[in-house]
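**Q** give the three-dimensional model of this entry:
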Amino acid sequence: PYTHPILPLLADTNAGRVAVPHMTLPNQRFQWPEDITRQLRKAREVYHNRFGSYPRGLWPSEQSVSPQVLPYIAQCGFQWLCSDESVLGWTLQQFFHRDGSGTVLEPEILYRPYRLSTPSGDLAIVFRDHRLSDLIGFTYGGMDPKLAAVDLVGHLEAIARTLKSHQADSSTSLEQPWLVTIALDGENCWEFYHQDGKPFLENLYQIFSDHPQFQLVTVEEYIRQFPPTVTLQSESLHSGSWVDGSFTTWIGDPIKNKAWELLTTARHVLANHPEATEITNPDAWEALDAAEGSDWFWWFGAGHSSNQDAIFDQLFREHLIALYQSLGESIPEALFHPLEVHAAQGEHRPEGFIHPEINGYGDEQDWDKAGRIDVGGSRGTMHRSSAVQRLWYGYDHLNLYFRLDFHNGTQPGLNAPSELNLFWYYPDRPMNNSGIPLGNLPDIAPLNYLFHHHLGVNLQTGTLWYQEAGEHHQWHGRIHRIQAAIGDCMELSIPWADMGVAPDWSLRVVAVLAEHGQYQGCIPENALISIEVP
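**A** Below you'll find the model as predicted:
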């Protein structure tokens, strides 16, 4: 589909409860099956523009299917679609078992196409062998290419032997050969292979070319010659995806549900503008299509983190904002705020109070219960700069503490930025906030958020400046009792009293490195540090 949406959830978010009956659903039900047609039509047009013909098969996003989506798939001219073996298992209530080598013990059920009847015509559907697909996706990239190819063919030979052993003596599979479907989903594996997989694929295709038992075919080639002989009742097709046969990766989590509610509200607003068609207002529909994509929901909430989650959060909301703007509608306040607090991947949370002596030595016993962010584990710009190794943070009842560790040989002002800037705001507290006053600042989250306090540190001289946001996005200097020391590391103590906070308040902090007032990098990247006032 055009922007990779979960089609069954576009048809009805209640589909989430088929696999998980007690799932907590969004407060607003998204039920726009007509959006399936638009997503499929646009996808077909993109394909036609690239290849000069229309696709005959559909690979649903995340191999997600449900009975409700089938008529729309058939209406759009598709002849076949694919899904995962778990969906077939749930559909037939026949779950697949494997022997010690991973060979399916019920091969006759999995390795064949099925027919689905819809009011708009019949469809063929195939179900992939999940294990074989995952071997290519996750295992063979770390093996010798030839050994990996031989291993995959060995698994296929084992499948053939199992099928042969189940076959009556007088019968043959030549008139209706079996179809093993391998379909990679949930991973982009080739970058992890030697030469992007070229030696593995060359070895694999050479073995197949010489092998008397196997023939490589596309799904279309197979079903044209061997149409499905077994029909699945369309209404009994399981509603699920390749991920555990459910949709929990995209719905059911509080943050994912919140995103669905924002999307549903925007969809109703668009529906209330019948004059806004794809011809008269294409921007509105493009924004909707983008927001319906599944990848936003994959990263929202629990389960997955990209270490770029704040950016995904912002982009999702920007698409919805663009929809409202294209319609001339006022933008809901909720779209100006992140869906959730984005903690950095690799962050270690504080384990208790700390009471470090601020002397620039970074005594490990003083900081053993502190939280930390290991910058060296990142793949972003801070990792490439190799200036900062680690950021520590912690607190007691009197102070908030920070410590910055540098890599060996780092000299601020010479081979590393000379300014550290800490910015923080207080969620859900009504007060003045202002933007980061640095040049060359990327317009990405959380750097484009507004903050209430700013502490600057000159990493060469130890000079401090402490500011608070006032009206009209202005920063004003404040008297403070903050202590700093620079030696083997940089250490800071900030009295809670200098912030004017009370117990149980929350802070969201980002550390920004700069040189002569120009942005150089931030810690954590694309996330915030969440701190609770004790």
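**Q** which stretches of the stretch 201-350 of the chain have low pLDDT?
**A** Residues of the stretch 201-350 of the chain that meet the criterion pLDDT under 70 lie in 307, 343-346.
**Q** likewise the stretch 1-150 of the chain?
**A** For the stretch 1-150 of the chain, no stretch has pLDDT under 70.
**Q** which residues touch the lengthiest helix in the chain?
**A** When the chain is parsed with DSSP state H, its longest helix is helix 145-165. Residues from elsewhere that reach helix 145-165, judged by Cβ atoms under 8 Å, 6 or more residues apart in numbering: 101-105, 107-108, 111, 132, 135-136, 139-140, 143, 173, 178, 180, 193-194, 199-200, 202-204, 207-208, 211, 213-214. (Each C-beta comes from the backbone N, C-alpha and C, glycine too.)
**Q** now, these that are in helices?
**A** Filtering the contacts of helix 145-165 for helices - DSSP H - leaves 107-108, 132, 199-200, 202-204, 207-208.
**Q** now stretch 41-59: buried residues?
**A** By 16 or more other Cβ atoms under 10 Å, the buried positions in stretch 41-59 come out as 41-44, 55, 57-58.
**Q** ok, which pair from these is furthest apart?
**A** Spatially, the most separated pair among those is Lys42 and Gly57, at 16.8 Å (Cβ to Cβ).
**Q** pop the domain breakdown of the protein in here.
**A** Domain assignment for the chain by automatic domain parsing gives 7-236, 254-336, 347-532.
**Q** right, and Gln176 touches Thr229 too?
**A** Yes - between Gln176 and Thr229 there is a contact under Cβ atoms under 8 Å: 7.0 Å.
**Q** comparing these two, which residue is more hemmed in?
**A** Under the neighbour definition other Cβ atoms under 10 Å, Gln176 and Thr229 were set side by side, and Gln176 has more, 13 against 10.
**Q** from Val104, how far out is the more buried one?
**A** Distance, Gln176 to Val104, by Cβ to Cβ, to the nearest Å: 18 Å.
**Q** repeat for Val243
**A** Using Cβ to Cβ, Val243 is found at 20 Å from Val104.
**Q** counting by contacts, list what the helix or strand that contains Leu513 packs against.
**A** Assessed by DSSP states H and E, Leu513 sits inside strand 506-515. Here strand 506-515 touches strand 388-395, strand 399-406, strand 419-425, strand 518-523, strand 529-532, going by 3 or more Cβ pairs under 8 Å, 6 or more residues apart in numbering; DSSP states H and E.
**Q** need the ones you listed in CSV (columns: mean pLDDT, distance to Arg508 and mean neighbour count).
**A** Below are the helices and strands packed on strand 506-515 laid out as CSV (pLDDT from 0 to 100; distance: least, Cβ to Cβ, whole Å; neighbours: other Cβ atoms under 10 Å):
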stretch, mean pLDDT, distance to Arg508, mean neighbour count
strand 388-395, 93, 12, 23
strand 399-406, 96, 13, 23
strand 419-425, 97, 6, 23
strand 518-523, 92, 13, 20
strand 529-532, 93, 6, 18
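**Q** reformat those strands as CSV; add distance to Ala291.
**A** Shown next, in CSV, are the helices and strands packed on strand 506-515 (distance: least, Cβ to Cβ, whole Å):
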stretch, distance to Ala291
strand 388-395, 34
strand 399-406, 37
strand 419-425, 26
strand 518-523, 27
strand 529-532, 26
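**Q** who wins for proximity to Val69 among these?
**A** strand 529-532 (38.9 Å).
**Q** remind me what that closest one packs against, helices and strands.
**A** With contacts taken as 3+ Cβ pairs under 8 Å, 6+ apart, strand 529-532 sits against strand 388-395, strand 506-515.
**Q** could you dump those into CSV with distance to Ile6 added?
**A** Formatted as CSV, the helices and strands packed on strand 529-532 follow (distance: least, Cβ to Cβ, whole Å):
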stretch, distance to Ile6
strand 388-395, 37
strand 506-515, 31
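**Q** for Tyr426, which of these is the nearest?
**A** In terms of Cβ to Cβ, the element of the helices and strands packed on strand 529-532 nearest to Tyr426 is strand 506-515, at 6.2 Å.
**Q** so what are the sheet partners of the closest one and their directions?
**A** strand 419-425 (antiparallel), strand 518-523 (antiparallel), strand 529-532 (antiparallel) (DSSP bridges).
**Q** who touches the last one?
**A** Residues outside strand 529-532 that contact it (Cβ under 8 Å, 6+ apart): 341, 343-344, 347, 371, 373, 393, 395, 400, 424, 504-511.
**Q** and for stretch 31-40?
**A** Here stretch 31-40 makes contact (Cβ under 8 Å, 6+ apart) with 1-3, 5, 7, 10-14, 58, 68-69, 72-73, 75-76, 78, 267, 278, 285, 288-289, 292.
**Q** having no further points to raise, I will conclude here.
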